[in-house]
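Trainee: Predicted model, plus sequence, below.
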Amino acid sequence: MDAVSIGIRSTDAGFLEKLRPYLTRFAVENAPERYVMLSADCGAVTTLVGGKILRGRATLYVNQLVVYRGFSVEEMIGRFLSVIRDMSNDESNEFIRVRGAGVVLGDGAVVLPSLPDPHLPALSGLLVEAGARYLGDEIVNVDPVTAKAYGRHFPLLVDASDTALFPALGTRYTPRRRAAGVPSRRLALAVEELGGAVAPPTEIRRLVFPSFEPGRPTELRPIAKAEAVFAIASAVLNMHVWGERALIMANRLLGSATAARLTVGSLPDAASTIMHELQGTN
């Protein structure tokens, strides 16, 4: 982490030990020159009669700002990594930053530009588990000159409601019931835990625009070029930086890449459809 100094302190050394494996897998790239202190108050531990242990509410701070409050160490790790990832993503304006997932099948990248959706990382994780190489779970960086997609060495941040899809998460996290309207939490899942690896920069061959509609039949269908250009533009996070150049890149990209819409009725069906329909077309 050359461009930013990050201090980490915790009231429980066990939290730092659980966090350490993720910190060795990535670095903050092109972050601003500043100092950031992350402080983890892991909550007081009380031992009841009979030996039952209760842990109090945990709180995570970025400088003096509270960014997490809850009872789960795994959730707090996910929030911690989310903060670090956002710091890096906000400064990577040398790329066109596309909101969406991305994997590599064969010798071509499949990018899934999307509206914000908590289940997108799980779809990316299922694709990696099925044999795809990883590019991103919610953001994919695209080089504006070569139109290649660049992978990030961050863990996936899977929504807690999708825990059951990944045995590696189920062994260390028990989903909690939440009141209506309370957002779910994110959990860190390393690419290596899925048996996968981060892909090198790869030319984009397919664009798939997912819409998450639970219960509907999962369906992949082609769309027109004009519709695809508009959908890409809607997913570019730094349009204020690239402006019409992002549209020119999207138009040029669609000269060689095909585009389709994906109705996601279920996440496993969607991953299976992508692997079956697109694996042999790159």
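Mentor: Sure, I can see it.
Trainee: any weak-confidence spans in the stretch 51-200 of the chain?
Mentor: 178-183 (pLDDT under 70).
Trainee: Just the buried positions in stretch 228-247, please.
Mentor: By 16 or more other Cβ atoms under 10 Å, the buried positions in stretch 228-247 come out as 228, 229, 231, 232, 235, 236, 237, 238, 239, 242, 246, 247. Heads up, the C-betas are built off the backbone N, CA and C, glycines and all.
Trainee: What is the most widely separated pair among the residues you listed?
Mentor: The most widely separated members of these are 228 and 238, with 19.4 Å between them, by Cβ to Cβ.
Trainee: which one of the buried residues of stretch 228-247 sits closest to residue 20?
Mentor: Within the buried residues of stretch 228-247, distances to residue 20 taken as Cβ to Cβ reach their minimum at residue 237, with 29.8 Å.
Trainee: can I assume that closest one is in contact with residue 100?
Mentor: No - under the criterion of Cβ atoms under 8 Å, residue 237 is not in contact with residue 100, lying 9.8 Å apart.
Trainee: Could you tell me which residues touch both of those two?
Mentor: Residues touching both residue 237 and residue 100 (Cβ atoms under 8 Å, 6 or more residues apart in numbering) are residue 139.
Trainee: which residues touch residue 249?
Mentor: Taking Cβ under 8 Å, 6+ apart as the definition, contacts of residue 249 comprise 96, 142, 144, 147, 242.
Trainee: Checking it next. Helix, strand or coil?
Mentor: helix (DSSP: H, G, I helix; E, B strand; the rest coil).
Trainee: For the residue of the chain most remote from its centre, what is the enclosing helix or strand?
Mentor: Residue farthest from the centre of the chain, counting by Cα atoms, centre = their mean, is residue 49 at 42.2 Å. For residue 49, there is no helix or strand it lies in under DSSP states H and E.
Trainee: roughly how far apart are it and residue 177?
Mentor: 27 Å (Cβ to Cβ, to the nearest Å).
Trainee: just the buried members of the contacts of residue 249?
Mentor: Buried, going by 16+ other Cβ under 10 Å: 96, 142, 147, 242, out of the contacts of residue 249.
Trainee: In strands only, show me the residues you listed.
Mentor: Taking DSSP state E, the ones among these that sit in strands are 96, 142.
Trainee: Out of the buried ones among the contacts of residue 249, which is nearest to residue 166?
Mentor: Nearest to residue 166 among the buried ones among the contacts of residue 249 is residue 142, at 27.2 Å by Cβ to Cβ.
Trainee: The closest one is in contact with residue 202, isn't it?
Mentor: No - in this structure, residue 142 is not within contact of residue 202 by Cβ under 8 Å, at 10.6 Å.
Trainee: any common contacting residues for the two?
Mentor: What both residue 142 and residue 202 touch, as defined by Cβ under 8 Å, 6+ apart, is the set 148, 149.
Trainee: buried stuff in stretch 114-127?
Mentor: Applying 16+ other Cβ under 10 Å to stretch 114-127 flags 114, 117, 118, 119, 120, 121, 122, 123, 124, 125, 126, 127 as buried.
Trainee: quick revisit: between the contacts of residue 249, which sits nearest residue 171?
Mentor: Scanning these for proximity to residue 171, where the rule is Cβ to Cβ, the winner is residue 142, at 35.2 Å.
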